[in-house]
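K.L.:
quick one, fold the following:
(one chain, ligands or ions: 2)
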Amino acid sequence: MECQLCQHDARDEKYLCRRCESIMRDQLSDIPTLQQEAKGFLVPGRTGSGAPNSERSIGFNVAAMDYSMAVDILPVLHTYEAKIRRGRNLTPPALLRKHPSIETEVAATAQFHITHLGWSLQQDWIGDFAREVKEIHAKGLAVTKSFIEKTRRIPCPTDQCKGKIAIDIEQILGEVNCLKCRGSWTLYRLLQLAMANPDRRFWLDEEAICLWLNITKRELMKVIDSHKVPKRNGLYDLSTIVRIRNEVASF
Ligand SMILES: [Zn+2]
Ligand SMILES: [Zn+2]
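P.N.:
Ligands and ions are numbered 1, 2, ... in the order given. Below is the predicted model:
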């Protein structure tokens, strides 16, 4: 059977392949954490853009509010939970004890879905459910910016050091330090090292790249549109952009 989400083979009478199954399992287990973290992003100023009065931060905070209230999470997870309870002759939702908070409610239904995933994978609606879970998960990441937080770390340029250097978006012009080998660099030196390491990728978001290179978003998009810049999860490889910048005088 073909996986309902990708072209891979799905086995054991399941409608999803093993890879999509494990992605879905991870997403279900992340959702309660993302929902709890969303609360920490209600206050303006946590957006990284540093403009508490801008529309963007207002929109951002409304999204964080919705997410922390589980506005989109619970209806979807509960609809499918009810379906599973019917199908497996479990206690119907109406007879369940009410949860004391949204947090415990989200955690309980996410855990329920993980527990029953083996059975759900054999139902023909699993593809639709997986797509909804994916969307909920992506919203949570956008609201809490977790993945950007994680990838604003670049590999330490010191030979043999496997450490990562955290980039503080608020102090982009300061010195950067590796906590592992205690190496310390200026921004300029770090960019030189990035250029000297063509095999290493430095994944950063647009905002961070513009700050690092002191260019506008428009200038950056011009380069991205006209050159092959490696992209991953909405992030771009800084070292490629630095190299292009050195080759093209008009950048
Ligand atoms: Zn698949
Ligand atoms: Zn290091």
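
K.L.:
from now on I want contacts and neighbour counts done on CA atoms only, so please keep to that.
P.N.:
OK.

K.L.:
quick check on the single nearest residue of the stretch 51-200 of the chain relative to ligand 2: phi, psi?
P.N.:
With CA to the ion as the measure, residue 181 is the residue of the stretch 51-200 of the chain nearest to ligand 2, at 4.1 Å. Residue 181 adopts backbone torsions of phi -100, psi 0, taken as degrees, to the nearest 10.

K.L.:
residues near it, how many?
P.N.:
15 (other CA atoms under 10 Å).

K.L.:
nearest spatial neighbour of it, skipping sequence neighbours?
P.N.:
Closest residue in space to residue 181, ignoring its immediate chain neighbours: residue 161 at 6.6 Å, by CA to CA, 6 or more residues apart in numbering.

K.L.:
same check, this time on residue 17
P.N.:
Per CA to CA, 6+ apart, closest to residue 17 is residue 10, 4.1 Å.

K.L.:
need the contact list for the one you found.
P.N.:
1-3, 16-18 (CA atoms under 8 Å, 6 or more residues apart in numbering).

K.L.:
by neighbour count, which of those residues wins?
P.N.:
residue 16 leads the contacts of residue 10 on contacts (other CA under 10 Å) with 29 neighbours.

K.L.:
was I right about that residue contacting residue 3?
P.N.:
Yes. Contact status for residue 16 versus residue 3: in contact at 4.4 Å, counting by CA atoms under 8 Å.

K.L.:
okay, and the common contacts of the two?
P.N.:
9-10.

K.L.:
pLDDT score assigned to the residue of the stretch 101-250 of the chain found nearest ligand 1?
P.N.:
Closest approach between the stretch 101-250 of the chain and ligand 1, counting by CA to the ion: residue 127, at 9.4 Å. Note for residue 127: predicted pLDDT of 97.

K.L.:
ok, the one 5 residues further on next?
P.N.:
Note on residue 132: pLDDT of 97.

K.L.:
circling back: make TSV out of the contacts of residue 10 and add secondary structure and pLDDT.
P.N.:
Formatted as TSV, the contacts of residue 10 follow (DSSP: H, G, I helix; E, B strand; the rest coil; pLDDT from 0 to 100):
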residue	secondary structure	pLDDT
1	coil	88
2	strand	93
3	coil	96
16	coil	97
17	coil	96
18	helix	94
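
K.L.:
and those as JSON lines, adding distance to ligand 2?
P.N.:
Converted to JSON lines, those look like this (distance: CA to the ion, whole Å):
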{"residue": "1", "distance to ligand 2": "47"}
{"residue": "2", "distance to ligand 2": "45"}
{"residue": "3", "distance to ligand 2": "42"}
{"residue": "16", "distance to ligand 2": "41"}
{"residue": "17", "distance to ligand 2": "39"}
{"residue": "18", "distance to ligand 2": "36"}
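
K.L.:
interface residues of the stretch 101-250 of the chain facing ligand 2?
P.N.:
Within reach of ligand 2 by CA under 5 Å from the ion, the stretch 101-250 of the chain has these residues: 156, 161, 163, 178, 181.

K.L.:
enumerate the positions of stretch 103-114 that are buried.
P.N.:
Buried residues in stretch 103-114, counting neighbours by 16 or more other CA atoms under 10 Å, are found at 103, 105-107, 109-114.

K.L.:
can you dump the C-alpha coordinates of it into PDB?
P.N.:
Written as PDB, here are the backbone C-alpha positions of stretch 103-114 (Å, rounded to 0.1, in the frame of the first residue of the first chain):
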ATOM      1  CA  GLU A 103      -2.700  22.100  29.800                       C
ATOM      2  CA  THR A 104      -3.800  18.700  31.300                       C
ATOM      3  CA  GLU A 105      -6.500  18.400  28.700                       C
ATOM      4  CA  VAL A 106      -4.000  18.800  25.800                       C
ATOM      5  CA  ALA A 107      -1.500  16.500  27.400                       C
ATOM      6  CA  ALA A 108      -4.100  13.800  28.000                       C
ATOM      7  CA  THR A 109      -5.500  13.800  24.500                       C
ATOM      8  CA  ALA A 110      -2.000  13.900  22.900                       C
ATOM      9  CA  GLN A 111      -1.000  10.900  25.100                       C
ATOM     10  CA  PHE A 112      -4.300   9.100  24.100                       C
ATOM     11  CA  HIS A 113      -3.400   9.500  20.500                       C
ATOM     12  CA  ILE A 114       0.200   8.300  20.900                       C
END
